[in-house]
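K.L.:
One predicted model, sequence on top.
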Amino acid sequence: MPFPASTDLRLHHIGIAVRTIEESRAFYIDVLHYKERTPVIHDPIQTAFVQFFSIPGADHYIELVAPDSETSKLREATRKGQSLNHLCYSCENIAHMVSFLKESGCFFIRDPVPAVAFDGRLIAWLMTPDGLLTEIVERGPEGSL
């Protein structure tokens, strides 16, 4: 299936699973020189605490993602030390992109839901045919996260 010409897919962020954001933040700021873009945000739908960082001049972010409780979906990944959690891509039309990716062999995980970190813009979760967890987010206004 050809890629839809009307879709402008861009890498938005790389999600990194950590036990706690507080324990991991200093490395990214002090060693890798990332800048905080957001405060720590709690997203109860995702059962996670998240915080976004960027390197000046970069066109994408990193997101530290930590479980919000013992029952969080992220707890097992952090126990196993699976730090690369997901890649996130932004797009103009999330319904169109999710449909395209499903038809292209991705496994659909979750219907689009509003995300606290993105001012209520919709996100969806899929798994690529090779097993990479992938998030899709509706693109926001220029300058927004």
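P.N.:
Received, thanks.

K.L.:
all strands for the protein, in order.
P.N.:
Along the chain, counting by DSSP state E, strands occupy 10-17, 35-36, 41-43, 48-54, 61-67, 84-91, 107-114, 122-127, 133-138.

K.L.:
what sits up against the helix or strand bottoming out on mean pLDDT in the chain?
P.N.:
Every helix and strand in the chain was compared by mean pLDDT, DSSP states H and E; the lowest is helix 75-80, with a mean of 86. Identification of contacts with helix 75-80 by CB atoms under 8 Å, 6 or more residues apart in numbering yields Ala17, Val18, Arg19, Ala66, Pro67, Ser69, Asn85. In this view, the C-beta of every residue, glycine as well, is placed from N, C-alpha and C.

K.L.:
at 6 Å what do you get?
P.N.:
Helix 75-80 is contacted from outside by Ala17, Arg19, Pro67, using CB atoms under 6 Å, 6 or more residues apart in numbering.

K.L.:
who touches the nearest residue to the first one once chain neighbours are set aside in this structure?
P.N.:
On the basis of CB to CB, 6 or more residues apart in numbering, the spatially nearest residue to Ala17 that is not a chain neighbour turns out to be Asn85, at 4.0 Å. With contact taken as CB under 6 Å, 6+ apart, Asn85 is in contact with Gly15, Ala17, Val65.
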